[in-house]
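[1] sequence first, then the predicted structure:
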Amino acid sequence: MSAGPVVLRAAGLSKAWSVPVLREVSLELEAGEVHVLMGSNGAGKSTLAAILGGLIRADAGAMTLGDLPYAPRSRAAAEGAGVVMVLQEMNLFPGMSLAENLFLDRLPSRFGVVDRASLHRRAGVALERVGLGDLPPRMPLSRLGVGQRQLVEIARALDRQCRVLILDEPTAALSAPESDLLFEHVRRLVREGVAVIYVTHRLDELPRIASRVSVLRDGRFVAEHRGGIVAPERLIEEMSGRPSPQGSAAASPPTGDIVLAVAGLERGSRVRGVSLEVRAGEVVGLAGLVGAGRTELLRAIFGADPAAAGSIRVGDGRAGLLRSPRQAVAAGIGMLPEDRRHDGLLLDQSMRVNALLLPGQPRARAGWIDRAAEWEAAEAIRTRVEIDCTSIEQPVGELSGGNQQKVVLGRWLAAGCRVLLCDEPTRGVDAAAKGTIHRLIREFVDRGGGVLLASGELAELRAVCDRVLVMAEGRIVAEFQPGWSDAAVTAAAFGSAGRDAVGAGDDTEQPGSTRR
Amino acid sequence: MKRTRLGEWGVLVLVWLSLVALFGMLAERFLSMATLTTVAGRLPGLAVVAAGMTLVIIAGGIDLSVGSVMALAGAVLGVAIVQGGWPLAAAIPMAILTGASAGLATGLLTVGLRIPSFLVTLGSLEICRGLTYAVSGSQTLFIGKVIRPLAQPIPLLGIPPTVPVALIVVIAAQAILSRTVFGRHLVAIGANEPAVRLAGINTAPPRVAVFVLSGALAGLAAVFASARLGSADPNAGAGLELAAIAAVVIGGTSLSGGTGSVVGSLLGVLVMATLEAGLAQLGASEPLKRIVTGGAIIAAVAADALRRRWEGPRC
């Protein structure tokens, strides 16, 4: 595709939350190109897209759109200037009709009254465009599935006069024919001179749509490829910053007895036929991209969102499905949830109350709490997991992230469970507390426990795990023994290369079109 | 700064004492045995209903049906004594059991169908009122002398036996809340139900039980009301739920659940009853009484909100 004039120019964009996520990124977007942004989790792709789309503002740097300075204060302002973004997390209203969702910010009206005839006619055209022409515009959005909702969101964007269209992983929720239709529209817009920013994780989409591929790593552009044809191995190397996979080290012999055996677990599209085993004395890591199904797998094992099929066995117990966390805890499983503030803790309550929030705790006689025993138990937990608080009466909402996580961890250690499921156990935790939490997890397995630990941080997996399973699209696609390289794990997570690793799941779809 | 429960109660006692002093200065006969008897007559019913309501609200729910449940329990009590010739010792447990059954139905529907208790009790409020009319034939049942002694002032004390019974109920409810595993779970559920579930605790039993308790206490309130009037009125308890919620809120319990106390609610009831009695003695008209009472509720909630903001949000 030939290069057109530059539509959008960004120079020196920087953004930091608690850590820098974008470091002086510069970008020139040409009319009529599909500029694909790739990178691992946390590389800064979505942040960059959100800045361009007016969702967040950069800390530093400047942008120009056409010849004019461009600094949108909101999504609406960006759209007014002709930069339209389709969000990864959908921003729609389930209770409203399709037509209202499409035109909410510009309902056609006459004397302040919505002109329904015109609204529905225009909505019909917009829906037709994304292949939803057979849906009545007055149908409530809540009747549509996730994929169709994503198409409505895309229809909303396509209906606008846009010069720049930003798509953030638009195909994550779409089926193959829906994706094909989307690509067709993107190609049409590109022919009309629209510039497209396309964020994706999927290597197989590149040859079909990309005119340029830029790779972000740690908030910087590290490579750029004109044309959509790039060797996947090379992209993976650039994304992970390490040389290509060299195969995995020899398997260390299995250690203790199997404490957790999961077979054929199924739940929706995020947990598809997962089987795995965790042995006593072992920390098994779960790697994968955002949306690969790690959290969903842990929640399905724990019974928080019960699985539809499959079986789970703890120790020598009976194999079966766990239908509630209560059953899981009774069977000897504990979980550190991904969002400890919402799913793990009572923020206004004391450390004592939170640490003893367990079935059968605090100790009681005929229902009446034994207060002396409760104090003792809470103090014991505080000492054991080294919680830094003024007293056991301090509300956990006042504690640091690391100490909050230690409260939840201490609870499960006190419960005497055999298996611990950890979902991002050190997210938002400072370095010192992180070390303590890792040590406590190792101590737990050294005493005969087993841990399944999901993390998006490869350094964490390397630090605490005995072996690592990689998930992609709801399946376990690879297993790595110690000595694995970041590049190999990243490659497996992207559903490509690294096939020399042991495939635990087998029939993952191979993006054959990217192979040369 | 963490607010202490005693400090909160202290503020309410101060508010109550200043109300007593204010009315004592304004109305000649306010500080008299007659006023005590009036307040003591009204207080027990609202106090026990507010105690049950407190536990429900702390657990993150609400019970709008207490007024109708009380009327239904009263009708059952009246029919049992008047038409069935039951002795008091059997009729009173029957009334309480009636209330408990209504609460059980509410609790099971709320938990089983996963419907907010606000909506379930909005419906059961109507159902129980309808059942009351059906049971009583829409007639006021005159129970007469047999039940009156419960509400007669004890000589020299100036208060009827219902008052110590209500106090025992309040103290027991407070003890359950702060000293039992059940109470601990109610607070935890109101604070963050998903977290409690993910800790492996079965939240259904306490969530049902708290409505059973609230219903049973509405049944007890029906016994108190029948004793005071010597009859069971099928229209009794209209607006009782709002008075109880107001007392609970004035008492410092958060409507969003997770924090509060039963003793605070009792003090809330005391403040409201005193305000009502005082205004009556000043010769305030019915419209004015209602306006002032409403203003007091808003003032109490606003004061609480301002104090929270002043203490700063918790991150």
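    All right, it came through fine.
[2] regarding A:Arg323, what is its secondary structure?
    When the structure is split into helix, strand and coil by DSSP: H, G, I helix; E, B strand; the rest coil, A:Arg323 lands in coil.
[3] hang on, isn't it packed against A:Ala304?
    No: with contacts counted by Cβ atoms under 8 Å, A:Arg323 stays clear of A:Ala304, the gap being 10.4 Å. Every residue, glycine included, has its C-beta placed from N, CA and C.
[4] neighbour-wise, which of these two wins?
    A:Ala304 (21 against 11; other Cβ atoms under 10 Å in any protein chain shown).
[5] got the contact list for the more buried one?
    Contacts here follow Cβ atoms under 8 Å, 6 or more residues apart in numbering or on different chains; on that basis A:Ala304 touches A:325, A:335, A:337, B:197-198.
[6] give me the subset of those residues lying in helices.
    In helices, defined here by DSSP state H, the members of the contacts of A:Ala304 are A:325, B:197-198.
[7] what sits against B:Trp9?
    If a contact means Cβ under 8 Å, 6+ apart, then B:Trp9 has B:261, B:263-264, B:267 as its contacts.
[8] now for A:Asp423, how many residues are close by?
    What A:Asp423 shows, counting by other Cβ under 10 Å, is a neighbour count of 24.
[9] of the contacts of B:Trp9, which are in range of chain A?
    Residues of these in contact with chain A (Cβ under 8 Å from any Cβ of the partner chain): none.
[10] the closest residue to A:Gly227 other than its chain neighbours: neighbour count?
    With Cβ to Cβ, 6 or more residues apart in numbering or on different chains as the measure, A:Ser211 is the residue that lies nearest to A:Gly227, at 6.8 Å, once sequence neighbours are left out. Under the neighbour criterion other Cβ under 10 Å, A:Ser211 is assigned a count of 19.
[11] how about B:Gly130?
    As a burial measure, B:Gly130 scores 12 neighbours (other Cβ under 10 Å).
[12] and the host helix or strand of it, what does it pack onto?
    Element membership of B:Gly130, judged by DSSP states H and E, is helix B:117-136. When contacts are defined as 3 or more Cβ pairs under 8 Å, 6 or more residues apart in numbering or on different chains; DSSP states H and E, helix B:117-136 sits against helix B:66-82, helix B:88-113.
[13] identify the residues contacting that helix?
    So helix B:117-136 is contacted by B:56, B:61-65, B:67-69, B:71-72, B:74-76, B:78-79, B:102, B:105-106, B:109-110, B:113, B:211, B:232, B:234, B:241 (Cβ under 8 Å, 6+ apart).
[14] repeat that with 6 Å
    Among residues not part of helix B:117-136, those counted as contacts by Cβ atoms under 6 Å, 6 or more residues apart in numbering or on different chains are B:61-65, B:68-69, B:71-72, B:75, B:79, B:102, B:106, B:109-110, B:234.
[15] over to stretch B:166-181?
    Counting contacts by Cβ under 6 Å, 6+ apart, the residues touching stretch B:166-181 from outside are A:364, A:367-369, B:44, B:47-48, B:51, B:183, B:262-263, B:266.
[16] buried sites along the helix or strand of chain B with the lowest mean pLDDT?
    For chain B, counting by mean pLDDT, DSSP states H and E, helix B:286-311 ranks last in confidence among helices and strands (a mean of 82). When neighbours are counted by 16 or more other Cβ atoms under 10 Å in any protein chain shown, the buried residues of helix B:286-311 are found to be B:289, B:296-297, B:300, B:304.
[17] which secondary structure elements does that helix sit against?
    In this structure, helix B:286-311 packs against helix B:240-250, with contacts taken as 3 or more Cβ pairs under 6 Å, 6 or more residues apart in numbering or on different chains; DSSP states H and E.
[18] list of residues touching the helix it packs on?
    Looking at what lies outside helix B:240-250 - Cβ under 6 Å, 6+ apart - the contacts are B:46, B:49-50, B:53-54, B:57, B:64, B:66-67, B:265, B:268-269, B:272, B:297, B:300-301.
[19] check stretch A:178-197 too.
    A:7, A:29, A:31-35, A:131, A:147, A:164-166, A:171, A:208-209.
[20] by pLDDT, give me the weakest of the contacts of A:Ala304.
    Among the contacts of A:Ala304, A:Pro337 carries the weakest pLDDT, at 90.
[21] just checking, that residue touches A:Asp343?
    Yes: the pair A:Pro337 / A:Asp343 is scored as a contact, 3.8 Å apart, by Cβ atoms under 6 Å.
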